[in-house]
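1. Got a predicted model here, sequence first, then my questions.
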Amino acid sequence: MIKIAVFASGSGSNAESIAKYFREHDNIRVTLFVTNSSKAGVIERGKKLDISVLVIKNDQLNSPSLFEELKNQEINYIVLAGFLRLLPKELIDQYPEKIINIHPSLLPKYGGKGMYGMNVHKAVAKAGESETGLTIHLVNTEYDKGKILFRKKVKILPMDKAEDIAARVLRWEHDCYPKVIEDYLLKSS
Ligand code: GAR
């Protein structure tokens with residue numbers, strides 16, 4: 001069985017959709033949620049889904065105790081789903097080409113430091129774009145710069161506010177992310 005840890009800082013709706021998608025999968029399972037916020041919605045979701053949740057402090061991201069924990073739990077891949085910290089090189093080195101992220105825009109547009117969640121959608125709305133989208137990519141030591149695995153365009157309607165754009169992109173994230181993860185894991189492991 002290929003085991004995934006999903007890292008999330010916020011609501012965790014993607015973490016939930018990924019965990020549900022793999023619940024009955026022949027080869028892949030989400031077995032751990034990791035969060036860096038004791039208030040994150042992903043904690044409640046983990047309880048409901050019967051998935052253990054590890055709450056860490058940001059400075060633990062490059063600590064051997066986290067690497068040990070991931071190793072003890074036999075985690076093969078890390079999936080970031082709204083995890084709002086840059087991962088340290090030490091952690092990335094433990095999982096070469098085995099950490100995946102989703103970003104709610106068509107990278108390289110609207111990526112980089114400070115561009116996350118609603119900040120992205122507000123910038124897209126302000127610029128008057130007619131389309132946006134989502135990008136799924138491998139993680140390296142720079143924000144939103146790893147190899148792109150998948151991009152999906154999402155239409156923006158003339159009356160859309162940032163919140164409408166966010167909701168439409170998120171629905172597509174729930175639809176696309178689990179399938180892209182499945183594809184990549186089955187090809188690369
Ligand atoms: C998602 O839209 C995800 O693409 C974004 O945060 C949201 C998390 O929502 N990630 C980033 O902006 C990363 N730069 P969720 O907690 O409901 O899954």
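-> Received, thanks. Residues are numbered from 1 along each chain as shown.

2. Nearest spatial neighbour of residue 32, chain-adjacent residues omitted?
-> residue 5 (4.1 Å; C-beta to C-beta, 6 or more residues apart in numbering). The C-beta positions use only the backbone N, C-alpha and C, and glycine is treated the same way.

3. Ok, residue 141 next?
-> Take residue 141 and drop its neighbours on the chain: the residue closest to it by C-beta to C-beta, 6+ apart is residue 89, 5.2 Å away.

4. quick one on the thing from earlier: my hunch is that the residue nearest to residue 32 is in a strand, does that hold up?
-> Yes - assessed with DSSP: H, G, I helix; E, B strand; the rest coil, residue 5 lies in a strand.

5. and it, what does it touch?
-> The contact partners of residue 5, by C-beta atoms under 8 Å, 6 or more residues apart in numbering, come to 30-34, 70, 73, 75, 77-79.

6. Among those residues, the buried ones, what's the ChimeraX command?
-> Command for ChimeraX that selects the buried part of the contacts of residue 5, burial taken from 16 or more other C-beta atoms under 10 Å:
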select :30,31,32,33,34,70,75,77,78,79
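
7. Run through the contacts of residue 5 and flag the ones next to the ligand.
-> Checked against the ligand using C-beta under 6 Å from any ligand atom, those give no members in range.

8. Thanks a lot, catch you later.
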